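# Below is the sequence, then the predicted model.
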Amino acid sequence: MNLPQQPFTCPRCHLLVEEKDNFCRHCGKTLKTGQTFFYSHTGIILLAVLIGPFALPCVWMSKQISLTAKGIYTAVLLILGVLLVQMCYRMYQLTLSVTQGYLGAF
Ligand SMILES: [Zn+2]
């Protein structure tokens, strides 16, 4: 029994699209979930540099990178997150002491 080929439709506008298309030609929606640029190694590294630990969902949702790579990215991003929090805390303390010193001058 040969099932008729299921037509590919866009998940957003429900118009017909080609199976090989990466984006819907009608509304521009990404058709390859988990396979866009942001799920590739380059995309994840770029995101990690730009938004740090917030890139983690992309790491986990990616279908392009291996489980080992996901583990490594997760570890690196978590360490990065801890460092970021520490840095923010130091900045906060510095701002606080500067503000207090400034106010103390009056
Ligand atoms: Zn569409």
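Looks like it arrived, so ask away.
# Quick check, pLDDT for Gly101.
On pLDDT, Gly101 comes in at 76.
# what's the spacing between it and Leu94?
Noted for Gly101: a distance of 11 Å to Leu94, by CB to CB, to the nearest Å. Where C-beta positions appear, they are placed from N, C-alpha and C, glycine not excepted.
# Could you tell me which residues of this structure lie near the ion?
10, 12-13, 24, 26-27, 29 (CB under 5 Å from the ion).
# Would you convert those residues into TSV that also reports pLDDT?
Listed next are these as TSV, based on pLDDT from 0 to 100:
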residue	pLDDT
Cys10	85
Arg12	85
Cys13	91
Cys24	88
His26	91
Cys27	91
Lys29	83
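# Please tabulate the residues you listed in JSON lines and include secondary structure, distance to Thr36 and neighbour count as additional columns.
As requested, the residues of the chain next to the ion are arranged in JSON lines below (DSSP: H, G, I helix; E, B strand; the rest coil; distance: CB to CB, whole Å; neighbours: other CB atoms under 10 Å):
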{"residue": "Cys10", "secondary structure": "coil", "distance to Thr36": "15", "neighbour count": "19"}
{"residue": "Arg12", "secondary structure": "coil", "distance to Thr36": "15", "neighbour count": "13"}
{"residue": "Cys13", "secondary structure": "coil", "distance to Thr36": "18", "neighbour count": "13"}
{"residue": "Cys24", "secondary structure": "coil", "distance to Thr36": "13", "neighbour count": "21"}
{"residue": "His26", "secondary structure": "coil", "distance to Thr36": "18", "neighbour count": "13"}
{"residue": "Cys27", "secondary structure": "coil", "distance to Thr36": "15", "neighbour count": "13"}
{"residue": "Lys29", "secondary structure": "coil", "distance to Thr36": "11", "neighbour count": "13"}
